[in-house]
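1. Here is my input; please provide its structure:
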Amino acid sequence: MLTITGIKTAETLLNLEHVCKGYGSNPKQLLAVKDVSLTLKVGEFVSLLGPSGCGKSTLLRIVTGLNTATSGTVEYRGETLKGVNPHATIVFQTFALYPWLTVEENVEIALKARGVPSAIRQDRARKLIDTIGLDGFESAYPRELSGGMRQKVGFARALAVEPELLCLDEPFSALDVLSAESLRGELMELWLNKSIPTQAILMVTHNIEEAVLMADRIVVMGKDPGRIVSEIQVSLRHPRHRKDVSFQRLVDSVYAAVAGQTRPEIESLGTAPGQPGATRRLPRALLNQLAGLVEKLSDEHGRADLYRIGGELSLELDDLLPIVEAGDLLGFLSVQEGDLLLALLGQTYAEASILARKEMLAGRVLRMPVIAWIYESLRRDDNHRLAWEYFLNKLQADFGNRAEDQLDIAISWGRHAELFAYDDDTGELYLE
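-> Below is the predicted model:
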């Protein structure tokens, strides 16, 4: 467990202690969030950063009271949070506007739900619409607006109730690059100039540059289960510029924190379904993508900066990390202080023929306990065929509603290595 800020002060808005969120029942309970302790103070802009599936959004919903923790305590201004947090509001990545209401009516609806008189809510809505730069669009409907303009309305609606704590759940991810950049700048202008009454901002993102560009503090989360792995203070002055050496250096260090270090094999591989211990999830990566990354590393003489190679391959964090994780698990590469290092096995794979690659891959993929379990189950069957549902039912004990996704990944890897295949007509897996 990692405690982010150990000392409470009068300025503390939010305090989480040993928060866990699990789904299902013991002993195979799925933990979305485990043992998270976090504080947020007045004047802070904090970003929760990490790959998909690390519990960022779950934690945000616990903070706003839209979800309840399985264990641990959530305090707001020293009081235990019960139900929805009346001092916080949330902006989601989807616009979530009512299409039959005008811009002004969409902004007003949050105030109407709180019983604010018509004249007051109309005045406040129009001021906010002006503040976010949509003056003149009060009577427009969402269908008449661009994506960036619709998300501005979402921000205005969230700010209409004058929240002390503004929570953002990847609010720019559904926008095109230019609209997202514009909206980030406008939000930062409002925040830094204190043009909004918000006392603190907590933002979920998987975009490292976005976190460094906006936040004062970055809380890096890992997955399986979701937990806090490190905290990085951002002391760069605003406005921040992506091409600055200090900005690039900080982005590189955050990449290193998110990617982590290569773990010992006995710790990283996990166990097979039905065996004692944790069953390791397979990363959602295609093995032909891994082959491309290995070849790229070979061209780079066996070492490359993770942040730089992601940019060169035009891969977002959530696309790049699963491929890196797959390469790490298979022993083709390792991660060290934000750099990718090509292993001797990876170099051999890069130089091998197509048939030799297949043989190497089969051996490495069979090291994965889930795939070895599928392969051995098929080998023991008289017909070497078993129903897809058989494996799904077994995996559900370990992965719950993620079992189908895990089985799909295992089938994809097994097919690529020519270990086993899937018959769509009969719904069965069978040995090649």
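
2. Residue 407 looks like it's in a helix, true?
-> Yes. The assignment for residue 407 by DSSP: H, G, I helix; E, B strand; the rest coil puts it in a helix.

3. pLDDT at it, what is it?
-> Listed pLDDT for residue 407 reads 93.

4. how far away is it from residue 358?
-> Relative to residue 358, residue 407 is positioned 22 Å away (C-beta to C-beta, to the nearest Å). In short, each C-beta sits where N, CA and C put it, glycine included.

5. likewise residue 278?
-> 30 Å.

6. same thing with residue 388?
-> 24 Å.

7. So for those two, which sits in the more crowded spot?
-> residue 388 (18 against 14; other C-beta atoms under 10 Å).

8. pretty sure that one contacts residue 407?
-> Yes. Using C-beta atoms under 8 Å, residue 388 is in contact with residue 407, at 7.2 Å.

9. which residues does the most centrally placed residue in the chain contact?
-> Ranked by distance to the mean C-alpha position of the chain (C-alpha atoms, centre = their mean), the top residue is residue 52 at 3.1 Å. Neighbouring residues of residue 52 by C-beta atoms under 8 Å, 6 or more residues apart in numbering: 206, 318.

10. Residue 56 now?
-> Residue 56 neighbours (C-beta under 8 Å, 6+ apart): 48, 49, 50, 204, 205, 206, 221, 226.

11. can you count the residues close to the fifth one?
-> Right, residue 205. As a measure of burial, residue 205 has 24 neighbours, counting by other C-beta under 10 Å.

12. Surely it touches residue 48?
-> Yes. Counting by C-beta under 8 Å, residue 205 does reach residue 48; the two are 7.4 Å apart.

13. where does the stretch 101-250 of the chain have low pLDDT?
-> Applying pLDDT under 70 to the stretch 101-250 of the chain flags no residue at all.

14. how about the strands in it?
-> Remark: strands assigned in the stretch 101-250 of the chain by DSSP state E, counting those that start in this stretch are 165-169, 200-205, 217-222, 227-233.

15. Please find the angle between the direction vectors of the third one and strand 200-205.
-> Taking axes from the mean of the first three to the mean of the last three C-alpha atoms, to 10 degrees, one finds that strand 217-222 is oriented at 40 degrees with respect to strand 200-205.

16. name the helices or strands packed onto strand 217-222?
-> Applying 3 or more C-beta pairs under 8 Å, 6 or more residues apart in numbering; DSSP states H and E, we find strand 217-222 packed against strand 45-49, strand 227-233, helix 245-259.

17. Please repeat the previous calculation with a cut-off of 6 Å.
-> Counting by 3 or more C-beta pairs under 6 Å, 6 or more residues apart in numbering; DSSP states H and E, the packing neighbours recorded for strand 217-222 are strand 45-49, strand 227-233.

18. repeat for the first one
-> Taking 3+ C-beta pairs under 6 Å, 6+ apart as contact, the helices and strands that strand 165-169 lies on are helix 56-64, strand 88-91, strand 200-205.

19. can I get the helices and strands packed on strand 217-222 in JSON lines with mean neighbour count and distance to residue 148?
-> Formatted as JSON lines, the helices and strands packed on strand 217-222 follow (neighbours: other C-beta atoms under 10 Å; distance: least, C-beta to C-beta, whole Å):
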{"stretch": "strand 45-49", "mean neighbour count": "26", "distance to residue 148": "21"}
{"stretch": "strand 227-233", "mean neighbour count": "17", "distance to residue 148": "29"}
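
20. Adding distance to residue 315, write the ones you listed out as TSV.
-> Below are the helices and strands packed on strand 217-222 laid out as TSV (distance: least, C-beta to C-beta, whole Å):
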stretch	distance to residue 315
strand 45-49	17
strand 227-233	21
